[in-house]
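Q: Take this sequence and fold it.
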Amino acid sequence: SIKEWGVDEAEFLAAVDELSVKAFDDQCTGSNPRYPLISQIKQLYLDSYYGREWKETE
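A: Residues are numbered from 1 along each chain as shown. Got it, this is the predicted structure:
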């Protein structure tokens, strides 16, 4: 998990919204088979931080 790599939780949570928007705006995102929502990207980051298995919610 990202947390296990020593990333501070408060710093991560403060940055996760901006990280999600930047990932959404990345030129490579458009080449994915399915276009993700920013909320899905954010959830993927959160699940990765806490070491949870990602499950599609929508």
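Q: So residue 22: helix, strand or coil?
A: With DSSP: H, G, I helix; E, B strand; the rest coil as the basis, residue 22 sits in helix.
Q: Tell me how many other residues crowd it.
A: 12 (other C-beta atoms under 10 Å). All C-beta spots, glycine's among them, are computed from the backbone N, C-alpha and C.
Q: Tell me who's in contact with it.
A: Neighbour list for residue 22: empty [criterion: C-beta atoms under 8 Å, 6 or more residues apart in numbering].
Q: same deal with residue 12?
A: With C-beta under 8 Å, 6+ apart, residue 12 has these contacts: 2-3, 49.
Q: Which strand or helix spans residue 36?
A: When secondary structure is defined by DSSP states H and E, residue 36 falls outside every helix and strand.
Q: what separates the lowest-mean-pLDDT helix or strand in the chain from the chain centre, distance-wise?
A: Every helix and strand in the chain was compared by mean pLDDT, DSSP states H and E; the lowest is helix 38-50, with a mean of 95. Its chain's C-alpha centre and that of helix 38-50 lie 3 Å apart, by C-alpha atoms, centre = their mean, to the nearest Å.
Q: what's that helix packed up against?
A: Contacts defined by 3 or more C-beta pairs under 8 Å, 6 or more residues apart in numbering; DSSP states H and E place helix 38-50 against helix 9-25.
Q: which of the contacts of residue 12 has the most neighbours?
A: residue 49 (18 neighbours).
Q: Quick check: the gap between the nearest residue to that residue once chain neighbours are set aside and residue 39.
A: Distances taken as C-beta to C-beta, 6 or more residues apart in numbering put residue 2 closest to residue 49, at 4.3 Å, once the chain neighbours are dropped. According to C-beta to C-beta, to the nearest Å, residue 2 stands 18 Å off from residue 39.
Q: can you check residue 21 too?
A: 11 Å.
Q: How about residue 17?
A: If you go by C-beta to C-beta, the gap between residue 17 and residue 39 works out to 10 Å.
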